[in-house]
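Visitor: what's the 3D shape of this:
(chains A and B)
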Amino acid sequence: MADALIKDADLLLQVSDLTVSFNGTEVIAGVNLTVDRGELLAIIGRSGSGKTTLLRAINRLNECFDGASTFGRIQIHLDGQWHSVYGPNALPLTVLRRRVGMVFQNPNVLPTSIERNFRLPLQLAAGLSGAQIRQRMEEALGQAQLWGEVKDRLHHPATTLSGGQQMRLCLARALALEPQILLLDEPTSSVDHVAATRIEALLHDLKARYTMILVSHSLGQTRRLADRLAVMKQGCLAGCLERGQLDDDGIFKELINDIF
Amino acid sequence: MATAAAVAILGVFLLWRGARTLSLGLLFGDAPILAAITGRVPVWEGIWPACVGSLCLAALASALAIPLGLASGIYLTRFAPARLKKSLVLGIDLLAGIPSIVMGLFGFTLILLLRRTFWPEATTCLLLAAVCLGLLVLPYIISTTRNVFESLPATLHLTATALGLTPWQAVAHVLLPAAVPGLIGGVLLAVSRAVEDTAVIMLTGVVANAGLPAGLTGKFEALPFAIYYLAAEHQSPAELDRGFGAALVLLALTWALFQGARYCQRLLMRRWPMR
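Guide: Below is the predicted model of the structure:
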């Protein structure tokens, strides 16, 4: 849906007055947020501040839970056009979820083979077949630096991979659907330090190619990766820091004290 | 331990009483075997027609109850609105509480109703018995399906949804394959229950000497009824022993069913190695 108010050519996502409640309890209230094309926006905040709910509002995953209700507006710029995420003219759910990829906090591989983890979404959601699926899978696994490790065991159960590998598999699976935005929900919180460092380096590489919204539990990681930082506090957006401010120790410390 | 002991005692007792009757004669009586199997010669003294009748009954009842039960269970866990779900679950619980003799009476009354209204020739038959047996085991299949689907990890559904699968695709391609190992056990119990039930079929079309089932609207024989008949009406100890023999055959049939299901499960797991 075209909107006269949105003029900025770099804008990819606009969240206006977003309120999400579960069974009448507001989890996020009146959030306004924009994301530029190619930007990595990090979101930090204490647990329970609504970070995950905000992410899940963007791909409408909150609706999988009982009693969720969402108010406000989210718009996304896809294929040269603005589309509403909610409302009567909203983008079809399956299209939205294909174009807005998500990586969960815990590696959520499907309990089946590595190859089938790709084939299911590529075949069912993206409507691809045989050779195209293979090609997308190879590319995505390559981007996630996992191809070398799994190319000889594509038919093994995905659950036999290590935690870090499973996380990269989930990232690759999201990339294979060629998303416009990647939503990353604490992608390094459930793996060990070495795997986390590796995933962080990977995200640093992918930054150049994808627009990402990263919910992070690690301030250091946020500082290293983010182009912009949004701070959530009790369901509201408490403030935003630009890249320049992130590098400034004084401002950063003040922010930390403010949040925690 | 107690269960194992009870089963062992029962098994030994059955074997002791029934084993010596186990022979082709038990199945076919005096009839020539090949001709009896194909139905060209009627079997008078054997339980072969009852075996075939029971298998047909189980197959028909399963064909009716399993798809309906799976679909209902999945609908209840994944798609039904909360309010509707409550009343449907109550209905299913009530259905599960109906004794099998009442289900038989229901079938019998249904035929009476049909005869007095638009189908005067309607009579108790294989199809009616299968429908009633299907209804009898339907709530078990629904409950099993619900339990298995509700115990699947929530992230499975969330993952499928986040990858852009429609709710139906998520069920058919992710949740159902993950549920199959759990479902097989419950469904098998329901089918075994249908195979061994006597009360329902007694009122819906089983007879002692129907021969092989002639069709959906024909009378039929069945193993549990054959056992009951042999035990209740026996003229000599040898005939009673044949009743025990028939019980052993029924046990073997159920056991074969379980093995068949295990084989299917392995086949499925190989095609779709969930877990």
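Visitor: so who does residue 114 touch?
Guide: Picking chain A for this. A:150, A:153, A:154, A:155, A:156, A:157, A:158, A:161, A:169 (CB atoms under 8 Å, 6 or more residues apart in numbering or on different chains). Where you see a C-beta, it was placed from the backbone N, CA and C, and this is true even at glycine.
Visitor: Correction: the question concerned chain B.
Guide: Contacts of residue B:114 (CB under 8 Å, 6+ apart): residue B:122.
Visitor: could you check the distance from it over to chain A?
Guide: 44 Å (CB to the nearest CB, to the nearest Å).
Visitor: Likewise for residue B:96?
Guide: 26 Å.
Visitor: can I assume that residue is in contact with residue B:143?
Guide: Yes. At 7.1 Å, residue B:96 counts as touching residue B:143 under the criterion of CB atoms under 8 Å.
Visitor: In terms of neighbours, single out the busier of those two.
Guide: A side-by-side neighbour count of residue B:96 and residue B:143, using other CB atoms under 10 Å in any protein chain shown, places residue B:143 first with 19 against 14.
Visitor: Next one: that one from chain A, what distance?
Guide: 21 Å.
Visitor: contacting residues around that residue?
Guide: Neighbours of residue B:143 in contact, by CB under 8 Å, 6+ apart: B:73, B:92, B:96, B:186.
Visitor: Compute the number of surrounding residues for the first one.
Guide: What that stands for is residue B:73. By other CB under 10 Å, neighbour count at residue B:73 equals 24.
Visitor: Over to the second one?
Guide: The local packing count at residue B:92 equals 20, with neighbours defined by other CB under 10 Å.
Visitor: Using CSV, write out every CA atom in stretch B:130-149.
Guide: The C-alpha coordinates for stretch B:130-149 follow below in CSV (Å, rounded to 0.1, in the frame of the first residue of the first chain):
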residue,chain,number,x,y,z
ALA,B,130,-18.1,-51.7,10.7
VAL,B,131,-19.8,-48.3,11.1
CYS,B,132,-20.7,-49.1,14.7
LEU,B,133,-17.3,-50.4,15.6
GLY,B,134,-15.7,-47.4,13.9
LEU,B,135,-17.9,-45.1,16.1
LEU,B,136,-16.9,-47.2,19.1
VAL,B,137,-13.2,-46.7,18.6
LEU,B,138,-13.3,-43.2,17.1
PRO,B,139,-13.0,-41.3,20.5
TYR,B,140,-9.8,-43.3,21.3
ILE,B,141,-8.2,-42.4,18.0
ILE,B,142,-9.2,-38.7,18.5
SER,B,143,-7.8,-38.7,22.1
THR,B,144,-4.6,-40.3,21.0
THR,B,145,-4.2,-37.8,18.1
ARG,B,146,-4.9,-34.9,20.5
ASN,B,147,-2.4,-36.1,23.1
VAL,B,148,0.3,-36.7,20.6
PHE,B,149,-0.1,-33.4,18.8
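Visitor: Give me the buried positions along that stretch.
Guide: Neighbour counts using 16 or more other CB atoms under 10 Å in any protein chain shown place B:130-146, B:148-149 of stretch B:130-149 among the buried residues.
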